[in-house]
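Chemist: Predicted model and sequence follow; I will ask about them next.
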Amino acid sequence: MSNSLYPVFLKLETLSLLIIGGGKIALEKLESVLGNSPETPIRLVAREISPEVRALQSQFSNIKLYERLYNDDDFNDADLAIIAVNDIELAAQIREDAHQKNVLVNIADKPDLCDFYLGSIVKKGSLKIAISTNGKSPTIAKRLRETFTETIPDEMDLVLDNMQNIRNQLKGDFNHKVTELNKITTQYLSDGKLSPAKADLEIEKLISITKTAQRKANIYLAIIGVMLLIGIFGLVVYQFDLSNDIQAFLSKDGHIFYWMLFAGFMAEIVAGSMGMGYGVICTTILLLLNVPPPVVSASIHSAESFTTAAGGFSHYKLGNVNKKMVWVLFPLAIVGSIIGALTLSHYGEHYAHIVKPIIACYTLYLGVNILRNAFKDKNKSRIKTQKRTNLRVLGLVGGFIDSFAGGGWGPLVTGTLIKEGRIPRYVVGSSTVAKFLLTVTSAITFIFTIGIHHWNIVLGLLLGGVFTAPFSAMLTSKLPTKKMFVVVGIVVILMSLVTIFKSFLK
């Protein structure tokens, strides 16, 4: 038997719905309707109305309840009717009365008597999918709804908004718009796997020109910015005679400022090529230089406050941020970062011989993971996991580890979310914004607990990263990514092992 049903989505809130019955079945139908069209005018008629149904009336003023037997006049102002009674003969009679008034009916659990079916609804923002099994198995429809709801990314609503904006901006006739939208949606669904031969040449050319112009603009802006800063800095030094103070600042702590310039430069190159690793590289270098653990984390988070602000703002302007994901992630991430900062501040100095090897073991673990990423099968890594991680717990753990160990948010949080099959651009954008918020919180916590005597380290990291960012972007675009992963992984592992051995030898 073929399925001759034709799916139609009704603007139910502009129609009048009559429900006959007031028990559990009526409650189920009522909840389904209100869950999808909460402002639908509903009249419910039943000889007995359950307390659960009455409770819904207190939440929705558009529901009117009539505790009495139904009569033919109830169909006069109805556009559709749902019959939820246990008596099959009564249901058949009500159906006949409804047809006399030209009203279509749905009879619960009696598909042969239905004029229309209520589908099992999948909802993700503006996306709705109605599932019907032609009245044969509502249980299968329910299972399919659960599967689709879990499989479809939460970011789908953002994709739909972007597509609407693109559609509104397209010029030309209907056929041209359909052709262009098909190309764009193919790129969305393939998630970057579209082969160059099949890609639209005009779009490829536009992307290439944009990237080239952006690289050149970054170089020019960096050069102009550096020249302006040097000029202003020189003027301030000359005007206030600060040369001796600056020399003392640069030579403080065994000229560590210059080491931090190098660390910031290396960390920026790694982060630019791999999308993570800034905190890991900085932490391993600082631990190797015998910097106290609290100062390590405080310095890195103070410097990262500026870099993550720029990155988060860029992602927001590009539309890569899922606000819902950020609001779920960052509250507990901030709590975790505060706990991590306070724990490290109070115990990191006095128990450095214990805390240092613990952090070094963690960076060792991250180094091993970086090496694994270099040799993993990319096709296997794209498989989606069935079980989704609790975002609040992930944010709490990620915030604590990032604040306590000086880094780790990217590998733990961003890596976990991407492995689950979420859309990468929204994961990276949302994770960066959440990272900025917890970084600022962590930096402020450290300032109040251990002070700001580590500004020579912060400034070195900041200048090393910010001034080299445009150039490192150019350099990393020419470097083989796999070899970068291998080199960085080995370096992190070796430096972590050296730190661990030095801690145990003391």
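Modeler: That came through fine. Residues are numbered from 1 along each chain as shown.
Chemist: In stretch 301-313, which residues are buried?
Modeler: Judged by neighbour count (16 or more other C-beta atoms under 10 Å), stretch 301-313 contains these buried residues: 301, 302, 303, 304, 305, 306, 307, 308, 309, 311, 312. For every residue, glycine as well, the C-beta is placed using N, CA and C.
Chemist: Quick one: name whatever helix or strand follows the helix or strand of the chain with the lowest mean pLDDT.
Modeler: Taking mean pLDDT, DSSP states H and E as the measure, the helices and strands of the chain show their lowest mean at helix 378-381, namely a mean of 48. Note on helix 378-381: by DSSP states H and E, the next helix or strand toward the C-terminus is helix 391-405.
Chemist: and residue 266, which of the three is it?
Modeler: Using DSSP: H, G, I helix; E, B strand; the rest coil, the secondary structure recorded for residue 266 is helix.
Chemist: neighbours of the closest residue to it other than its chain neighbours, just the number please.
Modeler: Closest residue in space to residue 266, ignoring its immediate chain neighbours: residue 281 at 5.7 Å, by C-beta to C-beta, 6 or more residues apart in numbering. Other residues within reach of residue 281, judged by other C-beta atoms under 10 Å, total 27.
Chemist: Equivalent analysis for residue 151, please.
Modeler: Neighbour count of residue 151, defined by other C-beta under 10 Å: 11.
Chemist: go on, residue 15?
Modeler: Here the neighbour count serves as a burial measure; for residue 15 (other C-beta under 10 Å) it reads 13.
Chemist: Tell me how far it lies from residue 31.
Modeler: According to C-beta to C-beta, to the nearest Å, residue 15 stands 18 Å off from residue 31.
Chemist: and what of residue 85?
Modeler: Noted for residue 85: a distance of 18 Å to residue 31, by C-beta to C-beta.
Chemist: Same question for residue 129.
Modeler: Distance, residue 129 to residue 31, using C-beta to C-beta: 19 Å.
Chemist: What mean pLDDT does stretch 3-17 get?
Modeler: Regarding stretch 3-17, the rounded mean pLDDT is 86.
Chemist: for it, how far is the first residue from the last?
Modeler: 26 Å (C-alpha to C-alpha, to the nearest Å).
Chemist: So which bits of that stretch are buried?
Modeler: Neighbour-count burial for stretch 3-17, counted by 16+ other C-beta under 10 Å, picks out 12, 16, 17.
Chemist: just checking, the first one touches residue 36?
Modeler: By that I understand residue 12. Yes. The pair residue 12 and residue 36 passes the contact test of C-beta atoms under 8 Å, sitting 7.4 Å apart.
Chemist: ok now stretch 126-133, how far from the chain's centre?
Modeler: In this view, stretch 126-133 has its centroid 24 Å away from the chain centroid, taken as C-alpha atoms, centre = their mean, to the nearest Å.
Chemist: Ok, stretch 130-142 next?
Modeler: Using C-alpha atoms, centre = their mean, we find the averaged C-alpha position of stretch 130-142 to lie 32 Å away from the chain's own average C-alpha position.
Chemist: so residue 490 makes contact with residue 371?
Modeler: Yes. With contact taken as C-beta under 8 Å, residue 490 and residue 371 are classed as touching, separated by 7.1 Å.
Chemist: Looking at the two, which has the bigger crowd around it?
Modeler: Between residue 490 and residue 371, counted using other C-beta under 10 Å, residue 371 has the larger neighbour count: 18 against 14.
Chemist: Among residue 85 and residue 31, which residue is more densely surrounded?
Modeler: A count of neighbours by other C-beta under 10 Å puts residue 85 above the other of residue 85 and residue 31, at 20 against 13.
Chemist: Helix, strand, or coil at that one?
Modeler: Classified using three-state DSSP, residue 85 is coil.
Chemist: Now it. Its backbone dihedrals?
Modeler: phi -120, psi 160 (degrees, to the nearest 10).
Chemist: list the contacts for it?
Modeler: The neighbourhood of residue 85, defined by C-beta atoms under 8 Å, 6 or more residues apart in numbering, consists of 20, 21, 91, 94.
Chemist: among those, who's most crowded?
Modeler: Counting neighbours by other C-beta under 10 Å, the top entry in the contacts of residue 85 is residue 21, with 29 neighbours.
Chemist: State the pLDDT value of it.
Modeler: Value for residue 21, per-residue pLDDT: 91.
Chemist: How about the contacts made by it?
Modeler: Contact partners of residue 21, counting by C-beta under 8 Å, 6+ apart, are 44, 46, 82, 83, 84, 85, 108.
Chemist: again, but for residue 50
Modeler: With contact taken as C-beta under 8 Å, 6+ apart, residue 50 is in contact with 22, 23, 24, 26, 27.
Chemist: Just want the most central residue of the chain.
Modeler: residue 427 (3.9 Å; C-alpha atoms, centre = their mean).
Chemist: shouldn't that residue be in contact with residue 416?
Modeler: No. Taking C-beta under 8 Å as the contact criterion, residue 427 and residue 416 are not neighbours in contact, 9.3 Å apart.
Chemist: Need the phi and psi values for residue 127.
Modeler: Dihedral angles of residue 127 (phi, psi; degrees, to the nearest 10) stand at phi -80, psi 130.
Chemist: from memory it sits against residue 157, does it?
Modeler: Yes. Using C-beta under 8 Å, residue 127 makes contact with residue 157 at a distance of 6.9 Å.
Chemist: Could you pick out which of the contacts of residue 85 are located in helices?
Modeler: Among the contacts of residue 85, the subset assigned to helices under DSSP state H consists of 91, 94.
Chemist: could I get the contacts of residue 85 as a markdown table with distance to residue 265?
Modeler: What follows is the contacts of residue 85, written out as a markdown table (distance: C-beta to C-beta, whole Å):
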| residue | distance to residue 265 |
| --- | --- |
| 20 | 75 |
| 21 | 73 |
| 91 | 77 |
| 94 | 79 |
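Chemist: which one of the contacts of residue 85 sits closest to residue 241?
Modeler: residue 21 (89.9 Å; C-beta to C-beta).
Chemist: Please enumerate the strands of this structure.
Modeler: Counting by DSSP state E, residue ranges of the strands within the chain are 17-20, 42-46, 63-67, 80-83, 104-107, 120-124, 127-131.
Chemist: Residue 19 against residue 94, yeah?
Modeler: No. Because the distance of 11.4 Å does not satisfy C-beta under 8 Å, residue 19 is recorded as not touching residue 94.
Chemist: And the residue nearest to residue 266, how far from residue 83?
Modeler: In this view, residue 281 and residue 83 are 68 Å apart by C-beta to C-beta.
Chemist: Same question for residue 103.
Modeler: Taking C-beta to C-beta, one finds residue 103 at 11 Å from residue 83.
Chemist: which one of these two has more residues nearby?
Modeler: Neighbours were tallied for residue 103 and for residue 83 using other C-beta under 10 Å; the higher tally belongs to residue 83 (26 against 20).
Chemist: in the sheet, who's paired with the more buried one?
Modeler: residue 20, residue 107 (DSSP bridges).
Chemist: so it makes contact with residue 106?
Modeler: Yes. The pair residue 83 and residue 106 qualifies as a contact (C-beta under 8 Å) at a distance of 7.0 Å.
Chemist: can you give me the helices in the stretch 251-400 of the chain?
Modeler: With DSSP state H, counting those that start in this stretch applied, the stretch 251-400 of the chain shows helices at 278-288, 293-317, 323-347, 352-375, 378-381, 391-405, listed in chain order.
Chemist: Show me what the second one is packed against.
Modeler: In this structure, helix 293-317 makes packing contacts with helix 278-288, helix 323-347, helix 352-375, helix 391-405, helix 424-450, helix 455-466, judged by 3 or more C-beta pairs under 8 Å, 6 or more residues apart in numbering; DSSP states H and E.
Chemist: Swap in 10 Å and give it another go.
Modeler: Using 3 or more C-beta pairs under 10 Å, 6 or more residues apart in numbering; DSSP states H and E as the contact criterion, the elements in contact with helix 293-317 are helix 243-274, helix 278-288, helix 323-347, helix 352-375, helix 391-405, helix 424-450, helix 455-466.
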